[in-house]
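[1] Sequence and predicted structure below; questions after.
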Amino acid sequence: MASRPLRKSRQAQVLRLPTSLRSVDSRQAPADAPELWVGAHIQSLGSGASLEKLATRAQRFTPRVSLIPPDGLLLEVKGSLHLFNGIDGLLRSFHSDCRMLGIESTTALAPTPLAAQVAARVGEPFVVTNKAQLTGRLTAMPLVPLRWPEDVVQRLARMGVRTIGQALRLPRAGFARRFGPEHLAELDRMTGRNADLRHHFQPRERFRRRRELTYEMESNETILAALAPMLADLGRFLEARQVGITELECRLRHRHAPPSVCVLRLAAPQANVARLTELLGERLNALVLPEPVRSCELRSGLPVLRELSSNPLWQPGEYGGTAAGSESSQLVERLRARLGHEAVYSLQVLQAHRPERAWSMQEPMLANPRGLASPAVNGAARMRGTETPALRGAGTDLPWGSFRRPLWLLPTPQQLEELDGVPRRRGTLRFFGDVERIETGWWDGGEIGRDYYTVFDIYGVQLWIFRERADPHRWFLHGVFG
Amino acid sequence: MAVSSEIARLLEHPAIWRGTSVARTEVLSSGFAALDERLPGGGWPRSGLIEILTPRFGVGELTLFLPLLGALTSAPTARSAVWVAPPLEPFAPALAAHGVALERILVVRVPDALRSGALWAFEQSLTSGACDFVMAWAKGPRAKEIRRLQLAAEQGRALGVLFRPLQAARESSHALLRMAIEPSAFGVRVNLLKSKGGVRGTVELDLTAGGS
Amino acid sequence: MNYAELHCLSNFTFLRGASHPQELVERAHTLGYSAIAITDECSVAGVVRAHMAAKLLKIKLLIGSEFRLECGLKLVALAIDRRGYAQLCRLISRGRRAAEKGSYSLTRVDVTNAALDSCFVLWIPGNQPAKDEAKWLREQFGARAGCEARIRIAVELFRDGSDKQRLHTLQALGHELKIPLVAAGDVHMHTRDRRRLQDAVTAIRLNIPIAEAGWHLYPNGERYLRERERLARLYPPELLAESVAIAESCTFSLEELRYEYPRELVPDGYTPSTYLRKLVEEGIRWRWPEGAPAGTLATIEKELNLIADLRYEPYFLTVQDIVCYARSQNILCQGRGSAANSLVCYVLGVSSVGPEREAALLFERFQFAHQQLCRDCSVLERGGDPVHLLPIVSDTRPIDHWTAKECSEHALAVFPRQRV
């Protein structure tokens, strides 16, 4: 009986908001707050251009950009006018952006989004900043740009209603009854009688650009030059969002061979195009292309909010910030760009008795205090903190063995040749010190039973060897003391 | 010798080597008193290139640098300690037991296909300014390359150690220090082949007292 | 080469030992050890089973306990004689009382206060043997005027790469401080194959997955009862001989333990036997005012003889005493247990089971149940307040003599405490 309410609440907890609601909403705008909307009507799209591209580009003017597919765009610009030289300046900039993208558009400015949209569709110059004047300016506009269903427009026409002004003069209740309350609501929103809430455009998060090359390219320099405009785009993309990326993939396609991919992974989020270009150039240099390149594509990883890198507030050394932090991350990035991501790593000790499991690679911890250590690269077990066992007893002292380990370990133990059961390596081996028996690891299939010995070979090199406890009792070389 | 403070500051530039007095260059103790006595200034140079020549791998050459590695990585203002193209895996538990701070270690692996990759990585690490100490195992760099490495080390204020086979002793070198290491009964025998301002000759070092 | 294992944990050291006490004893016997000690951590819980197995196989059993003091000092105390056993138990009780259930806490002061002058003390050095620990132990248990030194340094070698060095270090220490060395095994399991189980219980104890247990697990399975030939290769002969010598000096056996009941039960001028008979006669007159049937009287006589043989009069007097007192306080009570089915109990008023109820058969059960081990009696009361009874009982009788335990809300089981 008591369990049923529990199940319900668990269900309630699992409930998640649908994704559409997660986008930023202008719900917070009160109804009488002054807004100014630029409506853009796209007349033609050039090749490679798209509404999303324009919307993305338009985000530099304001974060409140809305898409009205297939050919409408809305920007709320009241707060941005002073940054872009007023209305004229902003519209001019917008148009030049459109031109750059190969888009032809007409724009209009109005206090409500719907009015701006409709006016833009009409195509005539329309700039209204005062709500009071809006209705007046809308009066003469035809109903067509409202894009109402054909039969509604026809019926209105039969009543002699062809302009917005005429529609507005019709009695409200009757209009709603005959043509639907939704159209009445639209008129209300257009005149500003009711609020018009718009969802803001959320650009697709990752950056992706592809370019077919006009001719096949072979040399790295030309490929990099071909990538330059896409990299510039990437820069703007990141700048607009104030984000950086930690991963950039460049895909080069060939005629027959499978695509060549090179991936750049960065230690810290990066938005600097020059730096990305430099690193990508290094990566490309290391790449061997099987055939000439016909197209190139850039894809970014998920953007990350980046910290303000050029912080004039404090100098390196003050308050713990070090210049070395950025230098060492740069060094790591540079090395990785040329040699590969896995080629540079740091080390950590794991608490395990099996020698090969007693260490693992680790993401380099750069001198940046904000850096976080990431989990071990290879999946070896990791010891939890320093827990004190409930009952005093076994094995909490550090195992004696750690202090007598060789400085070098072979990646895999190397079998030694034997003579009458005695191991040899470049001659006889002289045994020294004590045997160390390690038998453990039965729980994960890596069980070992080994007796370890320290030996010297005829040249005086100190080696770490072991003998298997199980048949056939082979001898192996595992480490060099160095 | 009294000099004005400006000239004194100027003379501290690492690219300026003063012929007679080497006391001005900062040195780091090797951890072995007998070796310190023989090294110019009484220890390893703070920056520059050292060549270590060995008849084969594993005669004790790494143990020789363990005290230095431990001291450098544990210092509060420590920069990175880089291992470029080491022949085997540096074994973390042993390093930690000898007092090396593992977070400061960077291992750089060079794919064989990449020609002179190790030397490139060595130079990059030395010159970056991000490293205190860089060790590299590289096949036969030429004299010109060694000179570049020496300059890179000075520029980045790093100490670079290049491990090479003993045959390279015949070649001339621009490195600051050159030493040949051989195993001896209880440790190593160090033969100082070249040391600016230091004492040439051999010294025996007991390595057993250190670790265990 | 003879050997006696002096440091051994059974699975009564929860989640550390991996073998039953009887398995350890059997294995020691198979290996031809001259003796084996069961030394669970701050406990002697495992010795009973070990004792029974040892008795069967005729191998000598030593009783002791391992302790780890708050300062980190680890030692094993082995009881030499009955007095030593008492001292050991007192130390265990002290440690257990000073901490929550399931753990214990002891300091050097506790060890000093416990005297332990009838115990051997083995020092178990840590990875880095601390000289000050040894010195302190020598002060406590070293040779004194008229007193043999009872302190030993336990040398325990496990092929962990440090054997030679450890032996050398401990030999030097022993020589300097004049403490003899003895070989021991820190045994956690009777055979090698229990290694996996021992790893598993370690992980359980620490509440972590075994893959994350790291250095908490032993690196190898050497902590088992090893063959004597193997030990001879590992330890110098004098260390092995010392283990045998210590074992021979310890003479305590669990056989020596028995209960002693408080003397105050019996008024002056009576012995337990005569007093019991007096009470029984009074009881007969009470139960059968017109006289008891002859068969009943014969049974009662038989029972009294049996009680006299086993020397168990105090037990019945104890129970009668409690019941009498409870009744005087209008506390409902009833005797239970096999003893209570006897006629003696019936006439004493401890039980209400009359002769019509096959009392004879049940009393024989009592006789066979007796094993010279602990004997208790429960006194149940319904409707009464157990908490109320306890202080009263303790007021009239010193609490040392009773141990009261609440079996349920309304019942109180009273056990005469073992007097050691």
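    Arrived safely, thanks for sending. The shown structure was predicted, so the numbers you read here are calculated from the model rather than taken from an experiment.
[2] got the residues of the stretch 251-400 of chain C near chain B?
    Counting by C-beta under 8 Å from any C-beta of the partner chain, no residue of the stretch 251-400 of chain C lies close to chain B. For the C-beta atoms, the positions are set from N, CA and C on the backbone; glycine is no exception.
[3] Whichever strand or helix holds residue A:228 and chain B, any residue contact?
    Per DSSP states H and E, residue A:228 falls inside helix A:220-241. No - Helix A:220-241 does not reach chain B (C-beta under 8 Å from any C-beta); its nearest approach is 15.1 Å.
[4] Show me where chain B dips below the pLDDT cut-off.
    Scanning chain B for pLDDT under 70 picks out B:1-6, B:8-25, B:113-115, B:198, B:208-212.
[5] need the longest strand for it.
    When chain B is parsed with DSSP state E, its longest strand is strand B:187-195.
[6] Wondering if it reaches chain A at all.
    No - applying C-beta under 8 Å from any C-beta, one finds strand B:187-195 separated from chain A by no less than 9.0 Å.
[7] where's residue A:436 relative to residue B:63, distance?
    19 Å (C-beta to C-beta, to the nearest Å).
[8] And these two? Which one has more around it.
    Taking neighbours as other C-beta atoms under 10 Å in any protein chain shown, residue A:436 and residue B:63 compare with residue A:436 leading, 25 against 22.
[9] What's the local residue count around the nearest residue to the more buried one once chain neighbours are set aside?
    Nearest residue to residue A:436 in three dimensions, chain neighbours excluded: residue C:161, at 3.3 Å (C-beta to C-beta, 6 or more residues apart in numbering or on different chains). If you count neighbours by other C-beta under 10 Å, residue C:161 ends up with 24.
[10] Could you tell me the phi and psi values at residue C:161?
    Dihedral pair for residue C:161: phi 90, psi -10, per degrees, to the nearest 10.
[11] pLDDT at it, what is it?
    Looking at residue C:161, its pLDDT is 86.
[12] And for residue A:217?
    85.
[13] Please report how far it lies from chain B.
    23 Å (C-beta to the nearest C-beta, to the nearest Å).
[14] cool, residue C:21 as well?
    Residue C:21 sits 38 Å away from chain B, taking C-beta to the nearest C-beta as the criterion.
[15] cool, residue A:171 as well?
    In this view, residue A:171 and chain B are 78 Å apart by C-beta to the nearest C-beta.
[16] How about residue C:55?
    Distance of residue C:55 to chain B, given as C-beta to the nearest C-beta: 49 Å.
[17] Quick check: which element contains that residue?
    Counting by DSSP H and E, residue C:55 is part of helix C:47-57.
[18] Can you point out the buried residues in stretch B:157-167?
    Residues B:157-164 are the ones in stretch B:157-167 that count as buried (16 or more other C-beta atoms under 10 Å in any protein chain shown).
[19] Could you export the residues you listed to CSV, including columns for secondary structure and distance to chain C?
    Formatted as CSV, those follow (DSSP: H, G, I helix; E, B strand; the rest coil; distance: C-beta to the nearest C-beta, whole Å):
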residue, secondary structure, distance to chain C
B:157, coil, 39
B:158, coil, 35
B:159, strand, 34
B:160, strand, 35
B:161, strand, 30
B:162, strand, 34
B:163, strand, 29
B:164, strand, 34
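[20] And those residues, which two are furthest apart?
    Spatially, the most separated pair among these is B:157 and B:164, at 23.2 Å (C-beta to C-beta).
[21] give me the number of residues near the spatially closest residue to residue A:90 that is not a sequence neighbour?
    Among residues not flanking residue A:90 along the chain, residue A:84 sits closest, at 4.0 Å (C-beta to C-beta, 6+ apart). For residue A:84, the neighbour count with other C-beta under 10 Å is 18.
[22] ok, residue A:84 touching residue A:61?
    Yes - if you go by C-beta atoms under 8 Å, residue A:84 and residue A:61 touch, sitting 6.5 Å apart.
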